[in-house]
Structures are given as structure tokens and as C-alpha cells.
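> what's the 3D shape of this:
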Amino acid sequence: MGATQLCCCPPQAGDAEELPTVPPPKVGMGKRGTSVKVKQDISGALVTGSGVLLADTVVEQDAAYWEVRVLEVGNSNSCYVGVALDLAGQRLDSKLGDGHSSWAVGGDLPGGPLEKNDVIGVAFGQGDIPNLRFFRNGQPIFEAEVLRVRGEGYPAVSVGDGAELLMVFDSPAFAHEPPGRHVAIMPPRKMI
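Just a heads-up that it's a prediction; the model follows:
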């Protein structure tokens, strides 16, 4: 058996080369309806206009969480928050929540219309039943739970009639603590 040598001394300058740290990738904005406008800054992505916006990050992690702040509601059926499959074409110029290619809260869907200053938390868990849960101002919206989302889901919102939503993906900016083992959604790193 060979001897193992342990050292309790702190490393000295010049002992090892400092490796540069690479910041983790951030969630960006992906596909959007033709009339959707997005303005991104450090607080999140401000979404206005009319239609659907998908984040550019598919939810691959086991338990992801993000929030959407309702800044303006427009009319009572003009803003929705949820998860969508990879939508295209005229589906991006409509609204979320058909139950087949997108699942959401807001408007005429279970959970009712969103109100100004609401913070909607979205918890998406690949191994959880239900897969998709929504929270309004930190409280669960049980009637809006989705048992199983099949396919690759993207964070999504839809706006119209003057609605303004702020999508927040960074945990320090969350208004509420993510539930259980959920953490801020992270884009997958590309492997070489």
C-alpha cells in the first residue's frame, strides 16, 4: 500500500494557476408573437404588446422555479402565465392555456384573472405529480395544478390589451421562496 501525503498548509501564491470562472448562462427570451415587445434589464424581462412569449430555455432540470410580476393587467382576460411546448406560427399570436400545448393561469382559466401587483410563481418538477404548480403571492393555486406535462416545456407568458408582465428568473430577485426542492431555472450547459 502506498502512503498518502496530506497537507494542512494553505496554498502559497504561485502554487496553482487561477482558473477563470465562467458565469452561468442566463435565461433569455426566445420565440414570440409578431406584436410582442420585450425589454430585458437586470430586474427581468418586461413583456408588452399582444401574443405569446417563450423563454429560450427548455425546462430540463428536475425542479425549476421562476416568477412573473403583473405590472398592468389590461382587461381581465389579457394576461396569462405558464408553460408551453415549442409553439410556432399563429399559436404565438394567441394566448396560453389550451391544455394541450400550453398550461397557464390567468383570464378565464382555473385560478381566475390575474390582478395588478400579483406575483405568480411557477414550479415545474419533472419527477413530481403534479408536474406543474402555480402560486399567487406565495399561496398555491390548487385548482390550476397540472398532473402531467408531456414534452419539452418552456416558461411562457401571453399578453394583450395593455398588459405588462415582468418575467424573473434570478433567485435573488424572487419575491417568494421557491417551494420544496425547486430552484431558479437554469439553462442547460452545452457539452462539447
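> Can you tell me what sits against stretch 24-31?
38, 40, 45, 53-57, 66, 86-88, 92, 154-155, 167, 169-170, 185-187, 189 (Cβ atoms under 8 Å, 6 or more residues apart in numbering). Where you see a C-beta, it was placed from the backbone N, CA and C, and this is true even at glycine.
> Endpoints of it, how far apart?
22 Å (Cα to Cα, to the nearest Å).
> Report the buried residues of stretch 89-102.
Neighbour-count burial for stretch 89-102 flags 91, 92, 93, 94, 95, 96, 97, 102 (criterion: 16 or more other Cβ atoms under 10 Å).
> ditto for stretch 40-53
44, 45, 46, 47, 48, 49, 50, 51, 52, 53.
> distance between that stretch and the chain's centre?
12 Å (Cα atoms, centre = their mean, to the nearest Å).
> quick one on the thing from earlier: possible to save the buried residues of stretch 89-102 as JSON lines with pLDDT, distance to residue 32 and secondary structure?
Formatted as JSON lines, the buried residues of stretch 89-102 follow (pLDDT from 0 to 100; distance: Cβ to Cβ, whole Å; DSSP: H, G, I helix; E, B strand; the rest coil):
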{"residue": "91", "pLDDT": "93", "distance to residue 32": "11", "secondary structure": "helix"}
{"residue": "92", "pLDDT": "94", "distance to residue 32": "6", "secondary structure": "helix"}
{"residue": "93", "pLDDT": "92", "distance to residue 32": "9", "secondary structure": "helix"}
{"residue": "94", "pLDDT": "92", "distance to residue 32": "12", "secondary structure": "coil"}
{"residue": "95", "pLDDT": "93", "distance to residue 32": "13", "secondary structure": "coil"}
{"residue": "96", "pLDDT": "95", "distance to residue 32": "13", "secondary structure": "coil"}
{"residue": "97", "pLDDT": "94", "distance to residue 32": "17", "secondary structure": "coil"}
{"residue": "102", "pLDDT": "96", "distance to residue 32": "14", "secondary structure": "strand"}
